[in-house]
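no sequence for this one, just the structure:
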């Protein structure tokens, strides 16, 4: 069975600083995807970034990058140049059988001016 | 243009009632999902349909019945609502079919805005 662990229930960062949100995963599938979603206080789930298990390069999407260390089974999200609008819950997920997503408990990020 | 839409956005009802939540996607995806987010923000898959065929049915009470009239729509009907059903229900869709082989894909799921259900 797949499992995601997000060990940071809450994080604080100063505006314009970079922040890393931790995520470790466990899966026995040889092929899987790793995803990060953002959930602002308005409640919607916004897709941020994806990393395939066979991708050699770390994924990047604008200010988001995924630090993928396959041997350590970690898929940390790095947000560079934090903005006030980055304050939200962030969820890491791994795709399991039939593409179902297994989510972690989430990390609440607060960006301070 | 809304990619994945859900109605209603809010649903307040009494215990014992039956209610439905509708989901529609205009992304041309062939796989749709229902997730439940509880009061602690934990998200869990409930069901998935691929081309109108049920492919994931997690341990969900059979009071919950999904229905997919076509691959762009996935509705969730809940009978005899209980207090514990109060949650946010998210619909999602993905581009590539998950298929019946169980092969893990690399399909990104796009979520609807959620339906906040409160059972009194």
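Okay, I see it. Predicted, not measured: the structure shown is a model, and the values here were computed from it.

Any stretches of chain A with poor pLDDT?
Applying pLDDT under 70 to chain A picks out no residues at all.

Strands of chain B, start to end?
With strands called from DSSP state E, chain B shows them at B:4-7, B:10-13, B:19-25, B:31-37, B:43-50, B:53-57, B:64-70, B:73-78, B:87-94, B:109-111, B:115-119.

Run through who's touching stretch B:19-28.
Residues outside stretch B:19-28 that contact it (C-beta atoms under 8 Å, 6 or more residues apart in numbering or on different chains): B:1-8, B:11, B:13, B:32, B:34, B:72-78, B:81, B:89, B:91, B:93, B:95, B:110, B:112, B:115, B:117. The way it works is simple: take the backbone N, C-alpha and C, and place the C-beta from them, glycine included.

Check those for burial and list the buried ones.
By neighbour count, with 16 or more other C-beta atoms under 10 Å in any protein chain shown, those hold B:4, B:6, B:11, B:13, B:32, B:34, B:72-76, B:78, B:81, B:89, B:91, B:93, B:110, B:112, B:115, B:117 as buried.

and chain A, which residues reach chain B?
A:29, A:31-33, A:35, A:37, A:39, A:43-47, A:50, A:52, A:89, A:91, A:93, A:95-103, A:105-106 (C-beta under 8 Å from any C-beta of the partner chain).

please redo it, this time with the cut-off set to 7 Å
By C-beta under 7 Å from any C-beta of the partner chain, the residues of chain A that approach chain B are A:29, A:31-33, A:35, A:43-45, A:47, A:50, A:52, A:89, A:91, A:95-101, A:103, A:105-106.

need the strands for chain A, in chain order.
A:3-5, A:10-14, A:19-21, A:24-26, A:33-39, A:46-52, A:60-61, A:64-69, A:74-79, A:88-95, A:101-103, A:107-112.

and those as TSV, adding mean neighbour count?
As requested, the strands of chain A are exported to TSV (neighbours: other C-beta atoms under 10 Å in any protein chain shown):
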stretch	mean neighbour count
strand A:3-5	16
strand A:10-14	13
strand A:19-21	19
strand A:24-26	16
strand A:33-39	24
strand A:46-52	18
strand A:60-61	12
strand A:64-69	18
strand A:74-79	22
strand A:88-95	24
strand A:101-103	23
strand A:107-112	17
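
So for residue 41, what's the nearest residue that isn't a sequence neighbour?
No chain in the question, so chain A it is. Leaving aside its chain neighbours, residue A:41 sits nearest to residue A:88 (7.1 Å; criterion: C-beta to C-beta, 6 or more residues apart in numbering or on different chains).

I was thinking of chain B, sorry if that wasn't clear
residue A:106 (5.4 Å).

How many residues are close by the one you found?
24 (other C-beta atoms under 10 Å in any protein chain shown).

ok, now which ones touch it?
A:6, A:89-91, B:41 (C-beta atoms under 7 Å, 6 or more residues apart in numbering or on different chains).

now these as TSV including distance to residue A:57?
Converted to TSV, the contacts of residue A:106 look like this (distance: C-beta to C-beta, whole Å):
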residue	distance to residue A:57
A:6	23
A:89	27
A:90	22
A:91	23
B:41	31
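
Just confirm yes or no for the lowest-mean-pLDDT helix or strand in chain B near chain A.
Counting by mean pLDDT, DSSP states H and E, the weakest-scoring helix or strand in chain B turns out to be strand B:53-57, with a mean of 87. Yes - Strand B:53-57 reaches chain A (C-beta under 7 Å from any C-beta) through B:55-56.
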